[in-house]
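Colleague: got a predicted structure here, sequence first:
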Amino acid sequence: MKLTILGCHSATPTASTHPTAQILEIKGHLFLIDCGEGTQMQLRKYRVKFSRIRHIFISHLHGDHFFGLPGLISTFLLLGREAELHIYGPKGIKQSILLLLKLGKAYTNYPLYFHELEETTPQLIYEDDKVTVETIPLKHRVYTNGFLFKEKLEDRKLNVDAARELNIDLSYYNKIKQGFDVENRDGKLISNKDITFDPPAPKSYAYCSDTEYNPEMVPQIEGATFLYHESTFLDEHYHLAEKTKHSTAKEAAVIARKANVGTLILGHYSGRYGKLELFRKEAQEVFDNVELAEDGKSFQF
């Protein structure tokens, strides 16, 4: 997995800060997560191939999380895109995007599919043979979801040397990789664990955008490899977080500790703060392994 932060600041863009957008590379996919203003400029800046984006996940319909989407869809059209594009987001996203395209007489010449969300419990919204994506219900001023991206467990790895030593026929090798016990040429049943290596542990990424402190998500994101959790405010402005249904860095760290995640990434900072390092310092009072999202920064895991 590789996560690239295209933007990680709240509210309006500035000359040096961009609203929320991320690219997650996972098992051959290039998923775009949220699409604030200027996302396509950031995609160009960090040399992300537009053609590889087939799925876009929008957490909620606040401008700093989806105002970049109409422009990106139009750019795909101008670039002669033919591949289908799937957009997952709250109910109403289809109407808003198609109305803008209609008024500008800019209909797409590629398949555009909307998957509108309105459930308030976790839902499986994407699955293939390598990856699943689930919604994480959040608590904000409007209907909002985070997203949990999970690798599927790979097949076990064949230990060829052990298989040869135990006199197992080549015809059984595929069955062995699928986890079966097999008989060797002498008719003896060989345990699968004696002729295979364990596959790597599946990794997962939990993306929790705008939300108030919400411990209800903890069971779902338990043990996530990385957790991105908004931290719009520091604890000294807790009253603002409570009023606007956002979180503080300290609250994000409490969620990370309760869920026993590997690494916490903070983001969605309010523009009132000059030093982002203050967010890390506050969170590390509760949870040790803390990273700061920054525009253009990548995390490999």
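Modeller: All right, it came through fine.
Colleague: every contact and neighbour count from this point should use C-alpha atoms.
Modeller: Noted.
Colleague: surely Leu85 touches His115?
Modeller: No: at 10.8 Å, Leu85 and His115 do not qualify as touching, with contact defined as Cα atoms under 8 Å.
Colleague: next, count neighbours for the nearest residue to Phe299 once chain neighbours are set aside.
Modeller: With Cα to Cα, 6 or more residues apart in numbering as the criterion, Phe299 has its nearest non-adjacent residue at 5.1 Å, and that residue is Leu3. By the criterion of other Cα atoms under 10 Å, Leu3 has 20 neighbours.
Colleague: I'd say Leu3 and Asp295 touch.
Modeller: No: counting by Cα under 8 Å, Leu3 stays clear of Asp295, with 11.6 Å between them.
Colleague: where along the stretch 201-301 of the chain do the helices fall?
Modeller: 218-221, 238-244, 249-259, 277-283 (DSSP state H, counting those that start in this stretch).
Colleague: for the ones you listed, give me TSV that also has mean neighbour count and mean pLDDT.
Modeller: Below are the helices of the stretch 201-301 of the chain laid out as TSV (neighbours: other Cα atoms under 10 Å; pLDDT from 0 to 100):
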stretch	mean neighbour count	mean pLDDT
helix 218-221	17	98
helix 238-244	15	97
helix 249-259	23	98
helix 277-283	19	98
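Colleague: between those, which one is closest to Phe31.
Modeller: Proximity to Phe31 (Cα to Cα) singles out helix 218-221 among the helices of the stretch 201-301 of the chain, at 19.0 Å.
Colleague: would you mind writing the CA trace of the closest one as PDB?
Modeller: Extracted C-alpha coordinates of helix 218-221, given in PDB (Å, rounded to 0.1, in the frame of the first residue of the first chain):
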ATOM      1  CA  VAL A 218     -13.500   1.400  17.200                       C
ATOM      2  CA  PRO A 219     -14.600  -2.300  16.700                       C
ATOM      3  CA  GLN A 220     -14.700  -1.900  12.900                       C
ATOM      4  CA  ILE A 221     -11.200  -0.400  12.600                       C
END
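Colleague: distance of Val286 relative to Ser270?
Modeller: 21 Å (Cα to Cα, to the nearest Å).
Colleague: cool, Thr12 as well?
Modeller: Taken as Cα to Cα, the span from Thr12 to Ser270 is 10 Å.
Colleague: tell me which of the two has more neighbours.
Modeller: Ser270 (17 against 14).
Colleague: tell me the spacing between that one and Ala11.
Modeller: Distance from Ser270 to Ala11, by Cα to Cα: 8 Å.
Colleague: related to what we said a few turns ago, what about Leu85 and His115, which has more around it?
Modeller: Comparing Leu85 with His115 by other Cα under 10 Å, the one with more neighbours is Leu85, at 18 against 14.
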